[in-house]
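Asker: I need the structure of the sequence given here:
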Amino acid sequence: MYVRKTTKHSKHKTYINYVMVESVSTPKGPRQKTVCSLGDLRPRPRGEWLKLVHKVEEALAGQEDLFQDHDDEVSDIVEKIRKRRGRKLAEDEEVVGVLADQVSTEEHREAGAVHVGYQFWGRLGFDNVLAGAGLEQRTRKLTCAMVMNRLVHPCSEHAMAKWLDSSAVGDILGLNLVGVGEDRLYRNMDKLYPSRGVIEGASAKRAKELFGLQGAVLLYDLTSTYFEGQALNNPKAKRGYSRDKRPDCKQIVVGLVLDEEGFPLAHEVFEGNVQDRQTLGRMLDVLDERVGLRAGQTVVVDRGMAHEENIEEIRSRGLRYLVATRQSERDQWLGEFTEQEGFAAVERTPSPNNPYQRKSEVRVQMRRVEGETHVLCWGEQRVEKDRAIRQKQQKRLEADLVKLQRRIESGRLVKEQKISEAIGRLRERYSRVARYYGMSYEVGRGLVWEIDKEKLERMERLDGTYLLKTDRQDLTAEEAWRTYMLLTRAENAFRSMKSPLAERPIFHQIQRRTETHVFLCVMAYHLLVAIEKTLRDRGLYTSWATVRETLKDHNICTVVMPTTSGAVLRIRKSSTPEPKHKELYNLLGISPEIITPKKMWSEPVRHYSDDKTA
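Answerer: Here you go, the predicted model:
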């Protein structure tokens, strides 16, 4: 139950009344039914309204609060409701005598999070999208069940079969999943594999229509995901730069493009040793094929793809770019910017999802040069980080210089060419700091090095700074910075796919199943971002992980009621939602009634001894 406001206008006056309503299941779907009138509740704080509803629900259920005095108002409301319900039974209602002491429950299944996921599956039109890709109903329902697993209780396909058997997915989908084994799930993945592009493109278009998305900004980023096992049958599984800190494992690289609201538009799976800069052209081809590119859209990428050939690739397609430059380019432009007084302050508001994050200030300064806009950004939170990274690199470089010096002095390294090569490797390994070190080998003096203090001071002034550049002339410095910061949504997407959706590690050893596994994670993320955006639009800034945790105790179970006639009545239904559940369902626009109750009659079990004659 929950409270709803009603307004009536009569003779130039407005009358406000609050009524208690509940959701009921009808042949035409869930409907709202008025339970009783509560009058005008406005003098009270809104929080007390829910407390009143909660007390009424407990009183109707026969529960008494030992820590509260008798509440006359609650008693009056309960009396009203009971009088309203004290009517004649309809012809289709059934009255049975129940042996109250023998009533029990069985087959409890966690259902709240699956219920939300399935409602958004329907809201985003995924079933119609899969049907449009030529997939039959059984395949569509099993795909839905697999996506629900990734969203609610992610695990490997081997463990997924057991979860499907013991979860509420079958009740909600109306599908018997008992006995569905991992082989059936693998075959279903094989059916999905050829249709991934069509499904992804249609899903992105549906989300655009449903949420009114503009798609003016394209956020592109990459991540890596590692394998358990050798993955010998997957030619894309290779060792490379591991963002998961697992260089010992083979991996793939996943590219993902989001719109400015964080909805996925397209993804692609690359070889595990591919460089970031090599993926942009292919990703733009995939994006154009699935959702279509429009002239004037802005592509936002990080410094790993800020190479001239990539910028030219973006330009050649009639697109705009906004990139973070590499450090060497930032250093070259420092002289074009003035000192601190030339910066404009921009307040960075902390994320509502992170109560420990504090407000911070970012300073930005802009220069327009030859049709290109450069924005130097300085963030106070980055200063200490950059300084710590630089000092750590300095210590490691100097330690390796000492080791090289000992090798030379001990006679283990003699040839001048080999010594120069060793110095060159150190410059490459510690490129961040080696630029302001003078390192050389002199016969008679040995290995010598010293710090160029002028260059070091220049580097220290760059602590906390990064340079953005774009070919858009309509952006202010602040707008350019805020647009670039949207790229954090791609980082959040990968974080969500790897943690609550458990994309990693990958256990599949075949390429097509590996790529379908990633595709299922992207579909689950599509639901996740739609759920979080719906809540955010209604003023609740929370994560899917919190929603999932809140709804975990809203279940489906079977109530077993032995009757006075000897037969047993079983009713399969959802539990009564608690106020915290109702609040979430109300914000999401979802009925708290998970399934339509199902009645099942069974005769009492007769034992052989009952029929035995003397």
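
Asker: distance between stretch 588-596 and the chain's centre?
Answerer: With C-alpha atoms, centre = their mean, to the nearest Å as the basis, stretch 588-596 stands 22 Å off its chain's centre.

Asker: Can you dump the C-alpha atoms of it in CSV for me?
Answerer: Taking only C-alpha atoms (Å, rounded to 0.1, in the frame of the first residue of the first chain), the coordinates of stretch 588-596 have been written out as CSV:
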residue,chain,number,x,y,z
LEU,A,588,10.5,2.8,-11.3
GLY,A,589,6.8,2.7,-12.3
ILE,A,590,6.5,-1.0,-11.6
SER,A,591,3.7,-2.9,-9.9
PRO,A,592,4.8,-4.6,-6.6
GLU,A,593,2.7,-7.7,-7.6
ILE,A,594,5.4,-9.9,-9.2
ILE,A,595,3.1,-12.7,-10.5
THR,A,596,-0.6,-13.5,-10.6
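
Asker: where in the stretch 451-600 of the chain is pLDDT low?
Answerer: Along the stretch 451-600 of the chain, segments meeting pLDDT under 70 span 500, 502-503.

Asker: Which parts of it are helices?
Answerer: Under the criterion DSSP state H, counting those that start in this stretch, the stretch 451-600 of the chain contains helices at 453-461, 477-485, 488-498, 511-537, 544-550, 579-588.

Asker: before we move on, what about the stretch 1-150 of the chain?
Answerer: Under the criterion DSSP H, counting those that start in this stretch, helices of the stretch 1-150 of the chain are mapped to 46-60, 72-85, 112-123, 126-132, 137-152.

Asker: quick one: the closest residue to residue 575 other than its chain neighbours from residue 598, how far?
Answerer: The spatially closest residue to residue 575, leaving aside those adjacent along the chain, is residue 555, at 5.0 Å (C-beta to C-beta, 6 or more residues apart in numbering). Glycine gets a C-beta too; all of them are placed from N, C-alpha and C. In this view, residue 555 and residue 598 are 15 Å apart by C-beta to C-beta, to the nearest Å.

Asker: Who has more neighbours out of these two?
Answerer: For residue 555 versus residue 598, the count of surrounding residues by other C-beta atoms under 10 Å is larger for residue 555: 17 against 11.

Asker: Go through the helices of the stretch 451-600 of the chain and name the closest to residue 347.
Answerer: The minimum distance between residue 347 and those falls on helix 477-485, with 9.8 Å, by C-beta to C-beta.

Asker: distance between that closest one and the chain's centre?
Answerer: If you compare the mean C-alpha spot of helix 477-485 with that of the full chain, they lie 23 Å apart, counting by C-alpha atoms, centre = their mean.

Asker: Tell me the buried residues in it?
Answerer: Buried positions in helix 477-485, judged by neighbour count with 16 or more other C-beta atoms under 10 Å: 477-478, 480-481, 483-484.

Asker: Identify the residues contacting it?
Answerer: Among residues not part of helix 477-485, those counted as contacts by C-beta atoms under 8 Å, 6 or more residues apart in numbering are 217, 298, 300, 322, 324, 344, 346, 362, 364-366, 373, 375, 377, 468, 470, 472, 475.

Asker: these two touch, right, residue 224 and residue 255?
Answerer: No - shown here, residue 224 and residue 255 do not form a contact pair, counting by C-beta atoms under 8 Å, at 10.6 Å.

Asker: and of the helices of the stretch 451-600 of the chain, who's closest to residue 183?
Answerer: helix 511-537 (12.0 Å).

Asker: Buried residues in that closest one, which are they?
Answerer: Residues of helix 511-537 classed as buried by neighbour count (16+ other C-beta under 10 Å): 511-535.

Asker: Could you do stretch 371-390 as well?
Answerer: Quick answer for stretch 371-390 (16+ other C-beta under 10 Å): 373-379, 382, 386, 390.

Asker: Just give me the closest of those to residue 504.
Answerer: Checking those against residue 504 by C-beta to C-beta gives residue 382 as the nearest, at 27.9 Å.

Asker: Count the neighbours of the nearest residue to residue 156 once chain neighbours are set aside for me.
Answerer: In space, and not counting its chain neighbours, residue 156 is closest to residue 507: 5.2 Å by C-beta to C-beta, 6+ apart. Residues lying near residue 507 (other C-beta under 10 Å) number 15.

Asker: how's the chain carved up into domains?
Answerer: 1-93, 98-111+554-614, 320-472 (automatic domain parsing).

Asker: all strands in the stretch 201-350 of the chain, in order from the N-terminus.
Answerer: Assigned by DSSP state E, counting those that start in this stretch, the strands in the stretch 201-350 of the chain fall at 217-226, 251-258, 264-271, 298-301, 320-324, 344-348.

Asker: now the angle from the first one to strand 251-258?
Answerer: Orientation of strand 217-226 against strand 251-258 (axes from the mean of the first three to the mean of the last three C-alpha atoms, to 10 degrees) gives an angle of 160 degrees.

Asker: so strand 217-226 versus helix 511-537, what angle?
Answerer: For strand 217-226 against helix 511-537, the angle by the same axes, to 10 degrees is 130 degrees.

Asker: Strand 217-226 - which strands sit beside it in the sheet, and in what orientation?
Answerer: Each strand that strand 217-226 pairs with, and the sense of that pairing, follows from DSSP bridges: strand 251-258 (antiparallel), strand 298-301 (parallel).

Asker: One more: the last one?
Answerer: Strand 344-348 pairs in its sheet with strand 360-369 (antiparallel), by DSSP bridges.
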